[in-house]
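Got a sequence here, can you build the structure:
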Amino acid sequence: MTTKPLPLPEQAPALIDTHCHLDFPDYQGDLAEVLARAAKVGVAEIITVGIDLATSRKACELAARLPGVYATVGVHPHHVNEMGPDDYPALRELTARPEVVAYGEIGLDYVKEYSPAALQREHFVRQVEIARQAGLPLIIHDREAHADTLAILRAAGKLPAGGVMHCFSGDAALAEEVLELGFYISIPGVVTFKSAAVLRDAVRRVPLERLLLETDAPFLAPVPMRGKRNEPAFLPYIARLVAEVKECELEEVARQTTANAHRLFGIC
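Down below sits the predicted model:
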C-alpha cells in the first residue's frame with residue numbers, strides 16, 4: 001500500500017473530485033492556489049457540496065463563477081435541527097440553478113447525533129422527495145446508520161436520477177446492498193489508511209464502473225498527507241491506491257471514475 005508521495009505521470013489523467021467543501025473557511029485565504037494545485041495534477045473538475053442553506057448558496061455562487069466547479073444543495077443531518085420554515089422553499093429554488101448537479105449531502109449520522117435521530121430521519125425522507133421532484137441524484141451521508149439509511153432509500157422506491165453513498169465506510173456486504181439500490185460508491189482518503197483493510201476489500205469487490213472518488217476536503221487527507229488540511233490536489237493519491245487494489249493502471253481508474261461521475265451528475 002502507498003505510504004509515501006509517488007510521482008504523478010507527466011500527463012496526469014483527468015480526475016473529478018466528486019465531494020469537497022470549497023466554501024469552508026479553511027480555503028478563505030488561498031482558494032485560487034488550491035484550485036491551481038488541483039488543476040496541475042489533473043483534477044480538472046470539482047463538486048463543492050452544501051451542508052445547510054447558507055453553504056448551499058455559497059456552493060452555488062462558487063460554481064457559477066469558477067470554471068470546472070459544480071455545486072450541490074441540501075442539509076446535512078448535523079444541521080437539520082437548525083432549519084427554519086423558509087429553508088425548504090429556498091432549497092427548492094436552488095435546485096433549479098444550472099450549476100447544481102445533485103442534492104446533498106443528506107442522510108443520517110448516529111455517531112455524533114448533533115440532531116436527534118428521529119428528526120434526522122424525518123428530514124432525510126423529506127429531502128429525498130425534493131431530490132426526486134427536482135430530478136437530481138442524491139449524495140448520501142451515512143455514519144453508523146446503515147440499516148435506517150438503506151430502509152429509507154428502499155422505501156422511497158426507484159429514484160430515476162440515482163445517487164451515491166458518499167465517503168463510504170462499510171464492508172463488502174454493505175457495498176452490495178448499496179449497489180442493489182442502483183447507487184454508486186464514493187471512495188475517500190480513508191482507503192489509504194493502514195486501518196482501512198475492510199474498506200480496501202470492499203473496493204476490490206465493487207466493479208470499477210460503480211466507483212467514484214472524493215477528497216471530502218478539508219477533512220480526511222489521504223496518506224501521505226494525513227494530518228494536513230485536505231484539498232482536491234490530493235485526489236491522485238486516492239486514485240493511485242484504488243488502482244493498486246484493483247490491480248489496474250491509474251489511467252484506467254481516472255478514465256472510468258470520471259466517466260461514472262459525468263454519468264451520475266449529468267456533466268457533459
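
Could you list the alpha-carbon positions for whichever helix in the chain runs longest in PDB?
Taking DSSP state H as the assignment, the helix of the chain that covers the most residues is helix 117-134. This file holds the C-alpha atoms of helix 117-134, laid out as PDB (Å, rounded to 0.1, in the frame of the first residue of the first chain):
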ATOM      1  CA  ALA A 117     -32.100  10.700  15.300                       C
ATOM      2  CA  ALA A 118     -35.900  10.900  14.800                       C
ATOM      3  CA  LEU A 119     -35.500  14.400  13.400                       C
ATOM      4  CA  GLN A 120     -32.700  13.300  11.100                       C
ATOM      5  CA  ARG A 121     -34.900  10.600   9.700                       C
ATOM      6  CA  GLU A 122     -37.900  13.000   9.200                       C
ATOM      7  CA  HIS A 123     -35.800  15.500   7.200                       C
ATOM      8  CA  PHE A 124     -33.900  12.700   5.300                       C
ATOM      9  CA  VAL A 125     -37.300  11.400   4.000                       C
ATOM     10  CA  ARG A 126     -38.400  14.900   3.100                       C
ATOM     11  CA  GLN A 127     -35.200  15.800   1.300                       C
ATOM     12  CA  VAL A 128     -35.200  12.600  -0.700                       C
ATOM     13  CA  GLU A 129     -38.500  13.600  -2.100                       C
ATOM     14  CA  ILE A 130     -37.300  17.100  -3.000                       C
ATOM     15  CA  ALA A 131     -34.400  15.500  -4.900                       C
ATOM     16  CA  ARG A 132     -36.900  13.200  -6.700                       C
ATOM     17  CA  GLN A 133     -39.100  16.200  -7.700                       C
ATOM     18  CA  ALA A 134     -36.000  18.100  -8.900                       C
END
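
From the contact counts, what lies against the very next helix or strand once past that helix?
Proceeding N to C from helix 117-134, the next assigned helix or strand is strand 138-143, under DSSP states H and E. Applying 3 or more Cβ pairs under 8 Å, 6 or more residues apart in numbering; DSSP states H and E, one finds that strand 138-143 makes contact with strand 100-109, helix 146-155, strand 163-165. (Each C-beta comes from the backbone N, C-alpha and C, glycine too.)

For residue 31, which of these is the nearest?
strand 100-109 (19.7 Å; Cβ to Cβ).

Strand partners (parallel or antiparallel) of that closest one?
When pairing is defined by DSSP bridges, strand 100-109 lines up against strand 69-73 (parallel), strand 138-143 (parallel).

quick one, the longest helix of the chain and strand 69-73 angle?
120 degrees (axes from the mean of the first three to the mean of the last three Cα atoms, to 10 degrees).

list the buried ones in helix 117-134?
By neighbour count with 16 or more other Cβ atoms under 10 Å, helix 117-134 contains the buried residues 120, 121, 123, 124, 127, 128, 130, 131, 132, 134.

quick one: average confidence on that helix?
Across helix 117-134, pLDDT averages out at 98.

So which residues make contact with that helix?
With contact meaning Cβ atoms under 8 Å, 6 or more residues apart in numbering, helix 117-134 is reached by 74-75, 77, 80-81, 83, 88, 91-92, 95-96, 102-104, 106-110, 113, 115, 137-138, 145, 148-149, 152-153, 155-156, 159-161, 163.

by how many degrees do that helix and helix 146-155 diverge?
Using the same axes, to 10 degrees: helix 117-134 against helix 146-155 is 30 degrees.

related to what we said a few turns ago, out of the strands paired with strand 100-109, nearest to residue 26?
The nearest among these, by Cβ to Cβ, is strand 69-73 at 16.1 Å.

Can you tell me what sits against that closest one?
So strand 69-73 is contacted by 22, 35, 45-50, 56, 59-60, 62-64, 91, 94-95, 97, 99-105, 139, 265, 267 (Cβ under 8 Å, 6+ apart).
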